[in-house]
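**Student:** Structure of the sequence below:
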Amino acid sequence: MERPEPELIRQSWRAVSRSPLEHGTVLFARLFDLEPDLLPLFQYNCRQFSSPEDCLSSPEFLDHIRKVMLVIDAAVTNVEDLSSLEEYLASLGRKHRAVGVKLSSFSTVGESLLYMLEKCLGPAFTPATRAAWSQLYGAVVQAMSRGWEGQ
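**Tutor:** Take a look at the predicted model:
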């Protein structure tokens, strides 16, 4: 697989990473809009959320958003050596599989990521930037999907 364009990714991530919680919330709000069936997968202390808004405002879910943004940050930091994250991402994939996430949902997550980047970056989200992020996300999903092997 061809490496994503590192500088486009780093440059665009700098803008997003200044407000990770705000932009991560945009990502997950979009995800729940596109795939509402994912909402029940998020339960904390046996509490089921009644709406995406309820989930997005809970302290436990805000912590999840922070963690997701840290994983994206790690991918950006290691964009030129994603193989260094292979085991970590495969383990993350296993954790997601264990809570009922379907591998097919990762395409919706990817759409939500691109949506968030576009909302954050505006005109700076060029076709080349979109392509670079799509490539990076594809590599991350490929590594995470190893968590579904032997299912």
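**Student:** Could I get the buried residue list for stretch 130-139?
**Tutor:** Applying a neighbour-count criterion of 16 or more other CB atoms under 10 Å, one finds 130, 132-133, 135-137, 139 buried in stretch 130-139. Every residue, glycine included, has its C-beta placed from N, CA and C.
**Student:** Show the average pLDDT along that stretch.
**Tutor:** When pLDDT is averaged along stretch 130-139, the result is 95.
**Student:** Tell me how far that stretch lies from the chain's centre.
**Tutor:** 12 Å (CA atoms, centre = their mean, to the nearest Å).
**Student:** Stretch 126-142 now?
**Tutor:** 12 Å.
**Student:** Could you export it as PDB, CA atoms only?
**Tutor:** Backbone C-alpha positions of stretch 126-142 (Å, rounded to 0.1, in the frame of the first residue of the first chain) are rendered in PDB as follows:
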ATOM      1  CA  THR A 126      -8.600  19.900  -0.500                       C
ATOM      2  CA  PRO A 127      -9.100  16.800  -2.600                       C
ATOM      3  CA  ALA A 128      -5.500  15.900  -2.000                       C
ATOM      4  CA  THR A 129      -6.000  16.300   1.800                       C
ATOM      5  CA  ARG A 130      -9.100  14.100   1.600                       C
ATOM      6  CA  ALA A 131      -7.200  11.500  -0.400                       C
ATOM      7  CA  ALA A 132      -4.300  11.500   2.100                       C
ATOM      8  CA  TRP A 133      -6.700  11.000   5.100                       C
ATOM      9  CA  SER A 134      -8.600   8.300   3.300                       C
ATOM     10  CA  GLN A 135      -5.400   6.500   2.700                       C
ATOM     11  CA  LEU A 136      -4.300   6.900   6.300                       C
ATOM     12  CA  TYR A 137      -7.700   5.700   7.600                       C
ATOM     13  CA  GLY A 138      -7.600   2.700   5.300                       C
ATOM     14  CA  ALA A 139      -4.300   1.700   6.700                       C
ATOM     15  CA  VAL A 140      -5.600   2.000  10.300                       C
ATOM     16  CA  VAL A 141      -8.700   0.000   9.500                       C
ATOM     17  CA  GLN A 142      -6.600  -2.700   7.800                       C
END
